[in-house]
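Asks: Could you look at this predicted model? Sequence included:
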Amino acid sequence: MWFKETLEHVKDKTTSLLHLTEEKRTMLANQNTLLEQQVNEGTEELKLSLDHLKATQDQLIQSEKWPRWVNSPQASPTRFKTLSTSSITSAKSVQNWWKNYLKN
């Protein structure tokens with residue numbers, strides 16, 4: 001009799017543990033889906049920002065301000081290219097940081 005009761009108790013606890021484990025797996029899958037959505041949204045925002053930066057760079061190069069800026073004593077085409085490249089690199093760094101942050 002004691003053995004049968006103990007066996008039934010172990011069976012009940014095992015069933016509860018399996019149910020709890022399945023709930024945790026479902027929660028984890030939902031959390032992973034949410035994180036993936038957040039990464040995708042953040043990546044899309046960064047892509048839009050990068051596109052905007054590139055478009056602004058193109059507009060600046062083609063605008064009337066560009067020749068005046070190049071001819072100023074504190075500027076040069078090399079400096080402008082360095083600043084532009086630096087901005088684009090910074091945007092990509094932020095994008096990578098968010099991807100890594102949301103993965104962890």
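Replies: Nice, I can see it.
Asks: Grab the CA positions of stretch 34-42 and hand them over as PDB.
Replies: What follows is stretch 34-42, C-alpha atoms only, in PDB (Å, rounded to 0.1, in the frame of the first residue of the first chain):
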ATOM      1  CA  LEU A  34       9.400  39.300 -29.200                       C
ATOM      2  CA  LEU A  35      13.200  39.900 -29.000                       C
ATOM      3  CA  GLU A  36      13.500  39.000 -32.700                       C
ATOM      4  CA  GLN A  37      10.800  41.500 -33.600                       C
ATOM      5  CA  GLN A  38      12.500  44.200 -31.500                       C
ATOM      6  CA  VAL A  39      15.900  43.500 -33.200                       C
ATOM      7  CA  ASN A  40      14.200  43.600 -36.600                       C
ATOM      8  CA  GLU A  41      12.500  46.900 -35.800                       C
ATOM      9  CA  GLY A  42      15.700  48.400 -34.400                       C
END
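Asks: Mind checking the pLDDT average for that stretch?
Replies: The average pLDDT within stretch 34-42 is 93.
Asks: residues of that stretch that come out buried?
Replies: Residues of stretch 34-42 classed as buried: 39, 42 (neighbour count, 16 or more other C-beta atoms under 10 Å). Placement of C-beta: from N, CA and C, glycine included.
Asks: Stretch 97-104 too?
Replies: 98, 102.
Asks: Distance from the chain centre to it, please.
Replies: Averaging C-alpha positions (C-alpha atoms, centre = their mean, to the nearest Å) puts stretch 97-104 6 Å from its chain's average.
Asks: Same question for stretch 40-56.
Replies: The answer for stretch 40-56 is 12 Å, by C-alpha atoms, centre = their mean.
Asks: got it, and stretch 7-26?
Replies: 36 Å.
Asks: Check stretch 30-45 too.
Replies: Using C-alpha atoms, centre = their mean, the offset of stretch 30-45 from its chain centre is 7 Å.
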